[in-house]
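1. no FASTA, just this:
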């Protein structure tokens, strides 16, 4: 979770599914209490307004704040990307109304909404404004049956969210954790490494992320991967839950990433939502693991690597670290120390050599991966920018890696889901920003997982067949784009060579 809009491992903003009145749903029950008829009516009406998503959501918030002005304080001062988050989350929920994993997802979402200070008395207002916005923008087709379907469906969504919030409060889980910045290091003007201490223990697992709010940007929350590593001492495990580490990649125009990179100092206060995410380390007993990290995708890979090395017997581990230039390896001292202490650990560095171009640098990485013949028995943990993750996953599947052996960050929800938009509509309702859903950061979904599916584009493409092993040349996005003014790499590693960072 590493920046404001898109990037390695980042899941920018918890989706804002509208909260609703409390109730006691049973676990695993369907959300759409009106059955398939309600689901069809809700999906049809939402599809009619999808091309006007910006207008619908602006109307929703205007309606909500004009009738309940006290709710304005629960939202960030600048609402631009909040509109897209709200509508994208609504689309995701409606698309999966009949999915058995949706109730558990909504309960997690309700738990996460506790940090905003939402009260039970506020919930009915949100539902009324949502229905009012949908009705206003589909007057020609709106009828009593459609409104009744929306009211029943919204009630089901709200019941599960409220149940998750109540369950979290009953377990005495804080709505958020207070943290104080201990150290701040800006590497090369593009990546900040922040260590912060929490007042009470913060439970998390390697591969998870936390939503973060900075004292200077109240109401602006973004998810960032947890990158801390416990020291090999009796006190190390306890320290791991009290001192947290985040890797923040600068994003052009990103509000929170800019503050975290440029305006954060020791002593500044942060708020953290509860740890989330299921892209965890491969299970114990996994014999061979390859970790592939690009850019600040190294953040979740770092604690996963430490977890694997603590196991006895330790699995065979290989690391492929990827960056646009040699200067972009911002955490080299950590891996360098591991290599000194564990000479059997294999690590490869991939970056653009001077003058070769990003495409050739990506080709070298792909040649190295294709040359390996042991993918059918391998487990892979993959994290990085969306384009890099998708392209690398396609290559690994083509080389024989089983679908179930890849643990990866999901892909961002497509920004252009509105279908054809006329020139006039494009002027009035500009294309939405790209954002990533943190709750979708899961392994390939099955109904038994009790969680909603990853809605990224990677889940909709058929698995590449072995015949595609001779993949086309990688795209320029196969390596993370260099930061403005960054020098090119000097000695990019060649496939098959292990060397220090």
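-> Nice, thanks for sending it over. The structure displayed is predicted, hence computed values, not measured ones. Numbers count the residues shown, from 1 in each chain.
2. buried ones in the strand or helix carrying residue 293?
-> In this assignment (DSSP states H and E), residue 293 forms part of strand 288-294. The neighbour-count check on strand 288-294 (16 or more other CB atoms under 10 Å) flags 289, 290, 291, 292, 293, 294 as buried. For the C-beta atoms, the positions are set from N, CA and C on the backbone; glycine is no exception.
3. who does that strand pair up with?
-> Within its sheet, strand 288-294 is paired with strand 316-322 (parallel), strand 379-383 (parallel), according to DSSP bridges.
4. Any chance of CSV for those strands, columns mean pLDDT, distance to residue 180 and mean neighbour count?
-> Below are the strands paired with strand 288-294 laid out as CSV (pLDDT from 0 to 100; distance: least, CB to CB, whole Å; neighbours: other CB atoms under 10 Å):
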stretch, mean pLDDT, distance to residue 180, mean neighbour count
strand 316-322, 93, 30, 22
strand 379-383, 95, 28, 25
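5. who wins for proximity to residue 78 among those strands?
-> For the strands paired with strand 288-294, proximity to residue 78 was assessed by CB to CB; strand 379-383 is nearest, at 29.0 Å.
6. For the helix or strand just after the closest one, enumerate the helices and strands it packs against.
-> Per DSSP H and E, the first helix or strand lying C-terminal to strand 379-383 is helix 386-398. Under the contact criterion of 3 or more CB pairs under 8 Å, 6 or more residues apart in numbering; DSSP states H and E, helix 386-398 touches strand 288-294, helix 358-371, strand 379-383, strand 406-408.
7. mind checking which of these is nearest residue 98?
-> strand 406-408 (25.9 Å).
8. What lies in contact with that closest one?
-> 207, 279-280, 282, 379-383, 389, 393, 396-397, 443-444, 458 (CB atoms under 8 Å, 6 or more residues apart in numbering).
9. how far does that strand sit from the chain's center?
-> From the chain centre to the centre of strand 406-408 is a distance of 13 Å (CA atoms, centre = their mean, to the nearest Å).
10. Ok, stretch 340-354 next?
-> For stretch 340-354, the distance to the chain centre is 27 Å (CA atoms, centre = their mean).
11. go on, stretch 327-347?
-> Chain-centre distance of stretch 327-347: 26 Å, with CA atoms, centre = their mean.
12. first vs last residue of that stretch, how far apart are they?
-> 17 Å (CA to CA, to the nearest Å).
13. For it, list every residue counted as buried.
-> Those would be 327, 328, 329, 330, 331, 335, 338, 339, 345, 347, for stretch 327-347 by 16+ other CB under 10 Å.
14. my guess is the fifth one contacts residue 185, does it?
-> No. Taking contact to mean CB atoms under 8 Å, the distance of 9.8 Å between residue 331 and residue 185 leaves them out of contact.
15. Now the common contact residues for those two.
-> residue 193.
16. hmm, back to that, nearest to residue 116, out of the strands paired with strand 288-294?
-> Set against residue 116 and scored by CB to CB, these come closest in strand 379-383, at 27.8 Å.
17. Now do the closest one: everything it contacts.
-> For strand 379-383, contacts defined as CB under 8 Å, 6+ apart pick out 8-9, 207, 225, 279, 281-282, 286, 288-294, 297-301, 304, 389, 392-393, 396, 401, 405-409.
18. Swap in 7 Å and give it another go.
-> Residues outside strand 379-383 that contact it (CB atoms under 7 Å, 6 or more residues apart in numbering) are 8-9, 282, 286, 288-293, 297, 300-301, 304, 389, 392-393, 396, 401, 405-409.
19. Could you list the low-pLDDT ranges of the stretch 1-150 of the chain?
-> By pLDDT under 70, the weakly predicted segments of the stretch 1-150 of the chain are 1-30, 32-33.
20. Tell me where it has helices.
-> For the stretch 1-150 of the chain, helices defined by DSSP state H, counting those that start in this stretch occupy the ranges 36-49, 53-67, 80-95, 102-112, 123-136, 144-170.
21. now swap in the stretch 151-300 of the chain and tell me
-> Using DSSP H, counting those that start in this stretch, the helices found in the stretch 151-300 of the chain span residues 236-240, 255-262, 298-310.
22. now the ones you listed in a markdown table, with distance to residue 369, mean pLDDT and mean neighbour count?
-> Listed next are those as a markdown table, based on distance: least, CB to CB, whole Å; pLDDT from 0 to 100; neighbours: other CB atoms under 10 Å:
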| stretch | distance to residue 369 | mean pLDDT | mean neighbour count |
| --- | --- | --- | --- |
| helix 236-240 | 32 | 67 | 14 |
| helix 255-262 | 30 | 94 | 21 |
| helix 298-310 | 16 | 93 | 23 |
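23. so which of those gets nearest residue 62?
-> helix 255-262 (22.2 Å).
24. Mind giving me the packing neighbours of that closest one?
-> Helix 255-262 sits against strand 191-198, strand 209-214, strand 243-249, with contacts defined as 3 or more CB pairs under 7 Å, 6 or more residues apart in numbering; DSSP states H and E.
25. for these, which one sits closest to residue 161?
-> Each of the helices and strands packed on helix 255-262 has some distance to residue 161 by CB to CB; the shortest is strand 209-214, at 16.2 Å.
26. quick revisit: I'd like the helices of the stretch 151-300 of the chain as a markdown table, with distance to residue 136 appended.
-> Shown next, in a markdown table, are those (distance: least, CB to CB, whole Å):
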| stretch | distance to residue 136 |
| --- | --- |
| helix 236-240 | 50 |
| helix 255-262 | 30 |
| helix 298-310 | 42 |
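27. of all those helices, which lies closest to residue 65?
-> Here helix 255-262 is closest among the helices of the stretch 151-300 of the chain (CB to CB), at 20.6 Å.
28. now the closest one and strand 243-249, what's the angle there?
-> 110 degrees (axes from the mean of the first three to the mean of the last three CA atoms, to 10 degrees).
29. and stretch 252-267, how far apart are its ends?
-> One end of stretch 252-267 to the other measures 26 Å (CA to CA).
30. gap between that stretch and the chain center?
-> The chain centroid and the centroid of stretch 252-267 are separated by 19 Å under CA atoms, centre = their mean.
31. got the contact list for it?
-> Under CB under 7 Å, 6+ apart, the answer for stretch 252-267 is 3-5, 180-184, 186, 192, 194, 214, 216-217, 220, 222, 248-251.
32. cutoff 8 Å now
-> For stretch 252-267, contacts defined as CB under 8 Å, 6+ apart pick out 2-5, 78, 180-184, 186, 191-192, 194, 212, 214, 216-217, 220-222, 246, 248-251.
33. so which of the strands paired with strand 288-294 gets nearest residue 364?
-> strand 316-322 (10.6 Å).
34. Right, I'll leave it there.
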